[in-house]
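Q: Would you be able to build a 3D model of this:
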Amino acid sequence: MNTNDAEFLKKLRSTFKIEAYEHVKTISLLLLELEDKPTEENKTAIETIYREFHSLKGAARAVNIKEIEIICHTLEGIFSSIKKGKLILNLQMFDIFNSALDTVEDILAMPEDKIKDISKIIEALSKVESGNFENKGFKEFKNKDVSNNVDIKSISEEIKIKDVEISEAIKAIDKVEDKKTQNDDVIRVSKNKLDTLLVQGEEMLYTKLSAAQRAREIKEINTLFQLWKKEKNDIYIEALENNIGALMKLAENDAKTIEGMIDTFIEDVKDIMLLPFSSIIEIFPKMVRDLCRQTNKEIEFIKSGAEIEVDRRILEEIKDPLIHIIRNCIDHGIEKLEEREKLGKLLKGTISLNITPISSDRVKVEISDDGAGIDIDKVKEKVAKDKLLAEKELKNIEDEKAAMLIFKSGVSTSDIITDISGRGLGLAIVYEKVQKLEGTVTVKTQKQKGTTFTIILPITISSNRGIIIKAAKSPFVIPTGKVEKVMRIKKEEIEVIENMAAILVDNCITPIFKLEDVLGLKSRAVEEALNNTISILVVNHMERKVAFSVDEIVMEQEVLVKRFNKQLKRVRNISGATVLGSGEVVPILDVKDLIKSSLKYGNRASSFTDTSSKDEVLKKSILVVEDSITSRTLLKNILENNGYLVKTAVDGSQGWSLLKSEQFDLVVTDVEMPVMDGFQLTKKIREDSKISEMPVILVTSLESREDKERGVDVGASAYIVKNDFQQGNLLEIIKRLI
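A: Now for the predicted structure:
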């Protein structure tokens with residue numbers, strides 16, 4: 001190794017130590033948390049520890065610290081087994097896990113020319129992995145005695161010591177960098193100071209909003225004063241008018257000045273925080289070289305656009321996803337030498353990393369390989385085997401969408417789990433991290449041609465802006481970035497399609513919900529009846545689009561986000577709160593949670609339609625037989641909202657059992673169902689003398705003439721095709737039949 005390589009490796013290892021200490025600190029705290037709670041109550045901690053070891057293992061491999069790599073690989077396997085329920089946690093295991101972390105920290109603190117003996121800890125971890133161990137001999141590779149009582153003060157002191165070591169490592173890196181640049185226009189600022197400065201700047205938003213509010217209030221007073229002045233005239237009032245006018249101008253000027261200052265301040269801080277991509281991808285060439293040696297492949301790594309700058313916080317988050325994708329390209333993409341020779345390809349494969357700006361605030365990162373491409377059939381087989389997608393849905397999926405299934409946790413086309421890949425975890429992390437950054441990731445592949453991953457990222461962390469709305473007369477804020485469209489529609493534009501209330505948004509059928517219903521707020525049905533137009537917000541998260549109706553859309557503005565403290569760490573549908581210029585505290589809605597809640601709540605189509613005839617309906621009993629939980633829930637909600645008593649069954653067999661044991665006035669059934677379909681159920685009803693006269697309505701997606709004729713043959717009272725389904729039609733038919 002020449003002098004330049006040695007210096008480069010030294011720099012990489014200094015950077016690695018900073019990252020490693022952060023991983024170790026995170027794992028240590030999570031192990032403490034996990035030790036206090038049963039496994040079934042803390043699956044998130046297990047998943048996070050698993051991923052932390054996975055990431056630390058990859059980073060250790062990149063800088064060739066084999067001891068840490070081996071320890072982390074073993075621990076990753078153990079937590080994989082724990083996650084799958086193959087291993088059950090106990091207190092003895094935590095002794096060994098913490099000993100392993102102590103060993104990792106020892107290795108990090110050792111001089112680079114020293115080698116740590118890890119045979120004893122690996123032996124202990126291997127026994128844990130096999131489930132064959134006893135609580136003996138653990139103290140011999142621990143630096144201190146183990147007890148069941150956690151010394152929080154001692155742990156706190158250790159964390160402080162590590163923070164000092166991290167700080168010293170940062171200084172070491174700075175010294176290396178300072179040798180390369182002596183430009184007087186460049187200064188170095190601690191990342192902690194930058195973070196604090198940015199938070200202080202964002203806190204000033206309240207002052208900005210408050211000043212604008214004062215200006216609006218004074219303006220309103222002045223308007224009222226002018227109306228009063230028309231009726232009275234007094235010299236003192238004239239003086240007061242002059243004072244108010246002057247105060248109003250001052251307030252408006254102050255608001256403009258503060259706005260300009262804060263906007264400039266925050267933008268300047270954001271600019272300081274920009275770093276080039278080269279700061280994270282400099283380790284990639286060595287990583288590719290080392291993995292090529294392990295896999296006996298020849299690969300050329302090509303990069304361009306490394307000088308493009310983005311927010312440091314974005315770079316920190318996207319580093320691991322890029323590593324995962326490149327490793328995936330090496331292991332799954334590029335073929336072995338003999339295979340490439342058979343296919344007539346160049347023996348040396350190619351992996352390209354191209355970074356290009358696509359707008360003033362977005363950047364595109366493309367990672368391509370010229371390998372075998374993704375085996376779509378194999379992906380589908382894996383998804384079907386692990387039941388990650390419904391069979392019907394998987395059967396009709398297009399190849400382009402099927403390729404995106406590789407981002408699901410647990411999906412891997414590798415035939416065997418190795419230290420490089422095969423666990424089906426890496427690409428799930430990629431998707432999760434990119435979504436967290438408000439970006440997008442897509443994949444395109446061609447058989448024997450190769451695969452391209454495309455990631456679109458913001459250049460900076462966007463400022464917090466939100467739309468203030470009202471639902472059930474209460475104010476809420478929805479983040480602007482999650483809102484795709486704001487619109488007003490007429491009630492008659494809401495359609496019922498396959499039992500779902502929906503509207504057409506850009507030629508796309510979008511389900512619609514009342515925000516107040518999803519939030520569990522009191523309804524305002526009487527007020528709604530007087531208004532024929534509805535205010536709509538169309539939101540989007542992870543390719544799920546949903547429309548919410550609200551009372552009023554007030555305005556869009558910057559908001560200062562206040563996260564919850566530990567006591568309120570998780571509040572369903574709410575991500576935090578903000579203080580408006582008026583001083584009012586308003587909840588900020590979590591769009592991801594809202595979409596989940598709306599799907600669980602059920603799409604109550606009838607809540608958007610006229611229910612004036614509800615009181616006229618007698619309490620008739622209806623049996624709904626439907627194997628789809630969504631359709632079953634929607635039908636149940638429609639009928640119950642119109643005054644019917646409803647029971648449900650998941651297939652014809654269960655429906656028949658209910659018919660034999662309980663009394664019903666009518667049956668609404670799907671046709672395509674397991675065990676016993678709708679045709680068979682209808683036939684059995686007609687053959688039973690006690691219930692042969694009971695009306696049966698078939699609601700199905702089967703629309704061929706033959707299917708309709710079969711419905712008539714078995715004695716159905718009505719046959720409704722889901723594509724033509726209208727809620728009013730169903731209710732009218734039921735009313736006519738019973």
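Q: pLDDT weak spots in the stretch 601-738 of the chain?
A: 601-618, 723-728 (pLDDT under 70).
Q: rerun that using 90 as the cut-off
A: 601-620, 626-645, 661, 670-675, 689-690, 692-693, 698-738 (pLDDT under 90).
Q: That one: helices as residue ranges?
A: For the stretch 601-738 of the chain, applying DSSP state H, counting those that start in this stretch gives helices covering 629-641, 652-661, 678-687, 705-714, 727-737.
Q: contacting residues around stretch 358-370?
A: If you take C-beta atoms under 8 Å, 6 or more residues apart in numbering as the criterion, stretch 358-370 is touched by 308, 310, 318, 322, 325-326, 329, 333-334, 345, 349-357, 449-460, 462. Bear in mind the C-beta positions are built from the backbone N, C-alpha and C, glycine included.
Q: Actually, stretch 533-547.
A: 435, 467, 469, 478, 482-491, 494, 503, 505, 508, 510-513, 515, 548-553, 591-592, 594-595, 598.
Q: go again using 7 Å as the cut-off
A: 435, 469, 478, 482-491, 503, 505, 508, 510-513, 548-550, 552-553, 591-592, 595, 598 (C-beta atoms under 7 Å, 6 or more residues apart in numbering).
Q: Got the phi and psi for residue 112?
A: Main-chain torsions, residue 112, degrees, to the nearest 10: phi -70, psi -20.
Q: and if you look at residue 644?
A: phi -90, psi 150.
Q: Pretty sure it sits against residue 622.
A: Yes. Between residue 644 and residue 622 a contact is recorded at 5.1 Å, counting by C-beta atoms under 7 Å.
Q: What is the one helix or strand residue 48 maps to packed up against?
A: Following DSSP states H and E, one finds residue 48 within helix 43-62. For helix 43-62, the elements it packs on are helix 3-36, helix 66-83, helix 284-295, judged by 3 or more C-beta pairs under 7 Å, 6 or more residues apart in numbering; DSSP states H and E.
Q: Apply 8 Å and report the result again.
A: In terms of contacts (3 or more C-beta pairs under 8 Å, 6 or more residues apart in numbering; DSSP states H and E), helix 43-62 is packed against helix 3-36, helix 66-83, helix 284-295, helix 312-328, helix 426-436.
Q: and the second one, C-alpha only, in PDB?
A: Spelled out, it's helix 66-83. C-alpha atoms of helix 66-83 as PDB (Å, rounded to 0.1, in the frame of the first residue of the first chain):
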ATOM      1  CA  LYS A  66     -12.800  -8.000   9.900                       C
ATOM      2  CA  GLU A  67     -13.300  -8.400  13.700                       C
ATOM      3  CA  ILE A  68     -16.200  -6.000  13.900                       C
ATOM      4  CA  GLU A  69     -17.600  -7.400  10.600                       C
ATOM      5  CA  ILE A  70     -17.600 -11.000  12.000                       C
ATOM      6  CA  ILE A  71     -19.200 -10.000  15.300                       C
ATOM      7  CA  CYS A  72     -21.900  -7.900  13.600                       C
ATOM      8  CA  HIS A  73     -22.600 -10.600  11.000                       C
ATOM      9  CA  THR A  74     -23.200 -13.200  13.800                       C
ATOM     10  CA  LEU A  75     -25.300 -10.800  15.800                       C
ATOM     11  CA  GLU A  76     -27.400 -10.000  12.700                       C
ATOM     12  CA  GLY A  77     -28.100 -13.700  12.300                       C
ATOM     13  CA  ILE A  78     -29.100 -14.000  15.900                       C
ATOM     14  CA  PHE A  79     -31.600 -11.100  15.700                       C
ATOM     15  CA  SER A  80     -32.900 -12.400  12.500                       C
ATOM     16  CA  SER A  81     -33.800 -15.600  14.300                       C
ATOM     17  CA  ILE A  82     -35.300 -13.700  17.300                       C
ATOM     18  CA  LYS A  83     -37.400 -11.700  14.800                       C
END
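Q: Now that helix: average pLDDT?
A: Here helix 66-83 scores 91 as its mean pLDDT.
Q: what's that helix in contact with?
A: 20, 39, 43, 46-47, 49-50, 53-54, 56-57, 60-61, 87-89, 97, 100, 103-104, 107-108, 115-116, 118, 121-122, 125-126, 128-129, 419, 423.
Q: rerun that using 6 Å as the cut-off
A: 46, 49-50, 53-54, 56-57, 60-61, 87, 100, 104, 107, 116, 118, 125, 128-129, 419 (C-beta atoms under 6 Å, 6 or more residues apart in numbering).
Q: quick check: angle from that helix to helix 43-62?
A: 160 degrees (axes from the mean of the first three to the mean of the last three C-alpha atoms, to 10 degrees).
Q: What angle do helix 66-83 and the helix or strand following helix 66-83 make with each other?
A: As assigned by DSSP H and E, the chain's next helix or strand after helix 66-83 is helix 91-109. On the basis of the same axes, to 10 degrees, helix 91-109 is oriented at 150 degrees to helix 66-83.
Q: Helix 91-109 - contacts with which helices or strands?
A: helix 3-36, helix 66-83, helix 119-130 (3 or more C-beta pairs under 6 Å, 6 or more residues apart in numbering; DSSP states H and E).
Q: Low-confidence bits of the stretch 301-450 of the chain, can you list those?
A: 311-313, 316, 320, 324, 327-328, 331-333, 359-361, 374-440, 447-448.
Q: 50 instead, please
A: By pLDDT under 50, the low-scoring segments of the stretch 301-450 of the chain are 415-424.
Q: Kindly report the same for the stretch 151-300 of the chain.
A: 151-171, 173-185.
Q: tell me the contacts of the closest residue to residue 737 other than its chain neighbours?
A: Leaving out its chain neighbours, the residue that sits closest to residue 737 by C-beta to C-beta, 6 or more residues apart in numbering is residue 695, at 4.0 Å. The neighbours of residue 695, taking C-beta under 6 Å, 6+ apart as the test, are 666, 717, 737.
Q: Domains of this structure: list them as residue ranges, please.
A: 3-180, 191-272, 275-458, 465-607, 612-737 (automatic domain parsing).
Q: Show the backbone phi and psi for residue 453.
A: phi -100, psi 130.
Q: For the closest residue to it other than its chain neighbours, which three-state class applies?
A: Nearest residue to residue 453, sequence neighbours excluded (C-beta to C-beta, 6+ apart): residue 367, at 4.6 Å. Using DSSP: H, G, I helix; E, B strand; the rest coil, the structure places residue 367 in strand.
Q: ok, residue 316 to residue 100 distance?
A: 25 Å (C-beta to C-beta, to the nearest Å).
Q: Neighbour count: those two, which is higher?
A: Taking neighbours as other C-beta atoms under 10 Å, residue 316 and residue 100 compare with residue 100 leading, 24 against 15.
Q: Next up, the contacts around the more buried one.
A: 71, 121.
Q: Residue 478 contacts residue 467, doesn't it?
A: Yes. Taking contacts as C-beta atoms under 6 Å, residue 478 lies within contact range of residue 467: 5.1 Å.
Q: Which of those two has more residues huddled nearby?
A: residue 478 (24 against 21).
Q: What helix or strand is the more buried one located in?
A: Under the assignment here (DSSP H and E), residue 478 is part of strand 474-479.
Q: Surely residue 371 forms part of a helix?
A: No. Residue 371: not assigned to a helix; according to three-state DSSP it is coil.
Q: quick revisit: which one of the contacts of residue 695 sits closest to residue 210?
A: The shortest gap between residue 210 and any of these belongs to residue 666, at 60.9 Å (C-beta to C-beta).
Q: Alright, that wraps it up for me.
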